[in-house]
Structures are given as C-alpha cells and as structure tokens.
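S.K.: Predicted coordinates and the sequence they were generated for:
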Amino acid sequence: MVSETIAVARAAHRGDLVARLETVAGKVRDPRRRILVAGLGNQGKSRFVNALVNLDVCPVADDAATAVTTVLSYGAEPRATLVAAGADGGENPREPVPFEAIPRVTGRSPQGRPVLRLELEAPSQLLADGIVIVDTPGLGAHGTTGAATVLGQAPGADAVLVLTDASTELTETEVDFLRQVRALCPAVAVLVTKIDLYPHWRQVFEANRKHLRANELELPMLPVSAVLRAHAMLLRDEGLGRESGFGLVFQFLREQVVARDQAALQRAVALDISSAAEHLALALGSELVALRDPARGAAAIRELHAARAEAEQLHRHTAAWQQTLGDGITDLAGDIDHDLRDRLRGIARTAEDWIDEHDPGRHWDSMDEWLTATVGSAVGDNLVWTGTRAVRLAERVATHFTELGAVDLPEVRDTLDGASRTASCTLADLEPDLGLSHKLLVGVRGSYGGVIMAGMAGTMAGMALINPLSLGAGVLLGGKAFSDDKKARLAKRRADAKLAVRRYLDDIAFHAGKETKDRLHRIHRLLRDHFTAIADRTLRSLDESLRAAQEAANLESARRTERAAELDRRLRVVAELRHHANALLGPEPPAPGALPQLPPAAG
C-alpha cells in the first residue's frame, strides 16, 4: 500500500510527499529490533546473551565483567570489530579484533582512546530474524557512570531486559534504574537469573514483585536460567527448556516487542498514507469540481483563495512558532543544566560530609561504588526530565498550527539516544596507607628527641643517659609523634578524597553538559524540520489545488470529459488508499501487560 501511495504522489509531482513516504517504506523494509541487556555487575548478563543466541560469543568469567558495550548482530561468519572514540569526538576507523582477544578488551583502545563499543557478528537464527542484542557494562561497575551510560542507549532500543540474580532482592539502585528506563523505552522486563543455583528463588521472586508494586512499576518479571537453557539446547531436552524460562523470554519478545513494534509501525504508516491521501485528494477534488460544475468550481476557487491566504499568513508568521521553539529550547537548556548541576552539587555535599566522618582510605571502594551509582541515577533522571520537557515543548509549538486542524507530533524519544562519553570518567585512587615499617620509623623518630632531652636532664643529676625516665619520655613523645602523623595523614587523605570527588563530578558535568547540548540541538532540528514540513506541505497542497482548479476552469470543452474521467479514476485510487489507511488505524496499542503467572512449585 505504501508503494501505491508513492506512485500516486509521484504521478501528481508531489516530491515532498514521495520523500516522506519513502522514509516510511524504509522503516517497513528494516526488520531489526534492538534489545538492550542491562543489570548490575556479575548478574549473568553475558551468559544470558550466549544462551539466548545459543552461541559462546560473549566472554563469561567469575572474576571478569563486561567492560564495554557489546553489540551482537547477524553475520554469516563470526567477526569482531572495536569502535573507539576519535580525537574530534567522532569515531575512529573500526579495528578488527580476534575472537580470542575479546576477553582482554578494556575501556581503552591500544591507542589509548576511549572504546565506544565492541561489535560482534555471529551466525544465529535469532539474529538472522532481525534481533540485535546489546550487552552493556554492569551498573555501578568501576570505570563507568552506572546507569547513565546504559540510559543513553535506552531511547533507541525496542526493549530493555534488566537482569538481577536470585540471590538477593532488588536493590534501590536497580529500582531507580527500572523507573528511569521505563520512561525511556516502551518495553521493559525484569529477568531473575541463576534460578538453578538458589533453591529459594521463588521467595526472592515474590519479594521483587512486591518491590515493583510498591514503586508503581507494572513490569513483567521472568525467572530464567542460562545454564539450564544451554543444557537443554545441547541435549535437545524440552523439559529442561521449559524449566529454563527462556520460553517466557521469547514470548515477551514476540508479544511486547515484535508485535507492538509492528502495530506501532502499521499505525505510523497508516497515518502517513492517510495524510498523503488528504493532500492528494484536495488537488484532485478541486480540479474535478471545477471541470464538472463551473459554478461550484468558482466557489471552490474562492474558498481555496481564502484557505491559501490563511496558509500564507501562517507561513509568513513562521517566526511566531519558531520563536516559541527557540525560546523553549533556550529555557530547556538552562533548566536542564541547572538541574544536573544541582543534583551533582547535592551529591558532592553528601560525599564530603561522609568523608569528614570516615577514613576514606579504608572505605574508598565503597565510596566509588556509591558515587558511581548515585551519579548514574542523577544523570539518568536528568535525561528522563529532558525527554518529558521536550514532549511538552513539541505540544506547545503545535498549538500554533491549530488552523490546520490536528497535527502529528514527531517522535522526540529517538533524539535522546546517543553515545555517552561519561564512561571515560573515573574516580581517582587515593594514595595507599603506609606500612608498619613507616609507622615504626615515625615512632622512633619522635621518641629519639624525648630520650635525648630526658637523658641530658638526668645526667645533670648523676644518672645515665639511658635511664627509665628518658625511656618513658621517649615513649610518650614517640606516641604523640605517631598520633600527630596519623592525624595529619588522615587529614591529607580526606583532602585528597574531596579533591578526587570534585574532579570526578566536574568531569561528569563537563561530558554530560556536552551530551545535553547535542541532545537539545537534535531536538531543536527535529521540531523545526517537522513543523516547517507541515507548513510547507499544506501551502503546497493549496497551491496545487488552486492551480488545478483554475486550469480546469479554462480547459477546452473537448478535453473536459477526458480529464474528468482521469481525475475520477485517481480519486477512486486515493479514496481506496484512505479507506485502507483508516482500516489500519485502530485503537492505540495496549500498554505492556504482565505475562502469565508462574506455575506452582512442584512438590
């Protein structure tokens, strides 16, 4: 049906409609679905991905975790490619990587540039069907900004699978991440992994369900075991396959991703076809009326003149809606930047208060973990707020087009997607505490003066240089020197820790600020081009209708019948297209629902 509409638009010499419909046709021809796999570190993400595609492509180890974003797509032959950041902020040429070297890939390329992603191609039936799987670094893992890096990719994903193992209940970090990713992606599921290792996983499963309900997160939750899935595929055992829970995963992908995406695409295609048909019918109908009934044709021409005058006025007043758009983007940029800096300042104050009350040298790993998770949550909330405010801005700009009736809004969510550079921000390590030998040296150095002073005073009383009095004085002064040195080093560690936190947060603000500006530029261009195209299409349709009606009024009588028959045939085609489009336009696709309840535990 899209190709038929393109043919009609091309016959009417409407290149603007042809370009828009060809974009829609490209989406129809592209069957790929992007699935994002996320979760805390050591939750079994890579093992799950391997079981999902039934291939050992992602490295799995107890003492290692995914260091960079890994994009897995279909390829006839296995191939790995490393994509690093360029000096200008773009991408360096892709570097082939041997498969055996994948476990050694880190966040830095051999040239020292930050690695953006690792692209893997593998011959898998699931991937051949158009599924693209993205395995992300663990939330809160060392060397990442937690949720921020993953959330930057969520708007461009068709579904996000959040993995949490069955050993513990959902943490506050995971719940915050689920809340944020739910606002950025239409299909999200929670997968409770490693159910083969924990006999009491059902209790954890039910506790997680209560946590989601308490936080008003109506998300499907699925228990899975990658180990059982691998054994089931190896032994071709259907029973093990059912116990692995992967059937529910495929059901979720089939019903909530593929089917919903097809329904959304079908609706978008129907809307574009219906809109194009209306534009085409306006010109064809105006000309046909002028041919068949000159009196009605003259009235139609007058109406078209009035409508064109209104459209021209709207076009001349383009500055009005563009000013609304420009002011909105400026206000949005200021608000988003202030929001991010305010969140980071609050984190800095909390971190400094904690440092003043503790020895950062002993708990620096805990500080790194907390700071990474908190900053990731703050940047994620800032991203979600950006999307919400951008939609409101689009609705405000659309009010300038009320003369044209209801206008469609652009898909702002796609502009939020982008590669994050905040993953290169890391918290600096503190200088390690000195060993026992240094502490003894400090004590001996302090006690030396005490022994000498007390010993000299003792010699004046006829005592030996080394006597109980001088030794006691040495112990006292040595203890004081040791205590003073300990306090001085603690004060230095605290000062170094505060400086490291400030530098880390400053790096985050620098990179996140640049990403926000780029994101707002994309939003600005999207809204500007979208609403400019609406105004241009409307004015051009009225111009074409007016021209066609005026030419029809002056057409010779001999050609009127022939031209009217041709127009009538085209109008029937357009009417049929509109009928099909309206048939495709059903109610809005339903929100993602919960999957069937789990069967009761056996025995």
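M.R.: That came through, no problem.

S.K.: Going by C-alpha atoms from here, please, whenever you check contacts or count neighbours.
M.R.: Fine.

S.K.: what sits up against stretch 493-504?
M.R.: 348, 351-352, 355-356, 359-361, 425-431 (C-alpha atoms under 8 Å, 6 or more residues apart in numbering).

S.K.: List the buried residues of that stretch.
M.R.: Within stretch 493-504, the residues scored as buried using 16 or more other C-alpha atoms under 10 Å are 493, 494, 495, 496, 497, 498, 500, 501, 502, 503, 504.

S.K.: Over to stretch 44-58?
M.R.: 44-54, 57-58.

S.K.: Which of these sits closest to residue 511?
M.R.: residue 45 (27.2 Å; C-alpha to C-alpha).

S.K.: Let me know whether that closest one touches residue 39 as I believe.
M.R.: Yes. If you go by C-alpha atoms under 8 Å, residue 45 and residue 39 touch, sitting 7.3 Å apart.

S.K.: thinking again about what came up before, show me just the buried residues among the contacts of stretch 493-504.
M.R.: Buried among these (16+ other C-alpha under 10 Å): 348, 351, 352, 355, 360, 361, 425, 426, 427.

S.K.: May I ask you to confirm that the second one belongs to a strand?
M.R.: No. The assignment for residue 351 by DSSP: H, G, I helix; E, B strand; the rest coil gives helix, which leaves it out of any strand.

S.K.: Helices of the stretch 1-150 of the chain, residue ranges please.
M.R.: For the stretch 1-150 of the chain, the helices defined by DSSP state H, counting those that start in this stretch cover 2-11, 15-29, 45-53, 125-128, 147-151.

S.K.: where's residue 217 relative to residue 175, distance?
M.R.: Separation of residue 217 from residue 175 (C-alpha to C-alpha, to the nearest Å) stands at 9 Å.

S.K.: now residue 326
M.R.: In terms of C-alpha to C-alpha, residue 326 sits 36 Å off from residue 175.

S.K.: and for residue 45 and residue 39, which residues touch both?
M.R.: With C-alpha under 8 Å, 6+ apart as the test, residue 45 and residue 39 both reach residue 163.

S.K.: For residue 389, give me its contacts.
M.R.: residue 332.

S.K.: Helix, strand, or coil at it?
M.R.: Going by three-state DSSP: residue 389 is helix.

S.K.: per-residue pLDDT, it?
M.R.: pLDDT, residue 389: 89.

S.K.: ok, now residue 79?
M.R.: 87.

S.K.: again, but for residue 333
M.R.: Reported pLDDT for residue 333: 89.

S.K.: distance of it from residue 400?
M.R.: For residue 333, the distance to residue 400 - C-alpha to C-alpha - is 22 Å.

S.K.: any idea which helix or strand carries the closest residue to residue 237 other than its chain neighbours?
M.R.: Of all residues beyond its chain neighbours, the one nearest residue 237 is residue 231 (7.8 Å), with distances taken as C-alpha to C-alpha, 6 or more residues apart in numbering. Using DSSP states H and E, residue 231 sits within helix 226-235.

S.K.: what is the orientation angle of that helix with helix 45-53?
M.R.: Per axes from the mean of the first three to the mean of the last three C-alpha atoms, to 10 degrees, the angle that helix 226-235 makes with helix 45-53 is 30 degrees.

S.K.: what's the lowest-pLDDT member of the buried ones among the contacts of stretch 493-504?
M.R.: Scoring the buried ones among the contacts of stretch 493-504 by pLDDT puts residue 425 last, at 72.

S.K.: follow-up on the earlier one: I'd like the list of the buried ones among the contacts of stretch 493-504 that fall within strands, please.
M.R.: Per DSSP state E, strands hold no members of these.

S.K.: Tell me which of the residues you listed fall in helices.
M.R.: 348, 351, 352, 355 (DSSP state H).

S.K.: closest to residue 209 among those residues?
M.R.: residue 351 (32.0 Å).

S.K.: Nice, that's everything, thank you.
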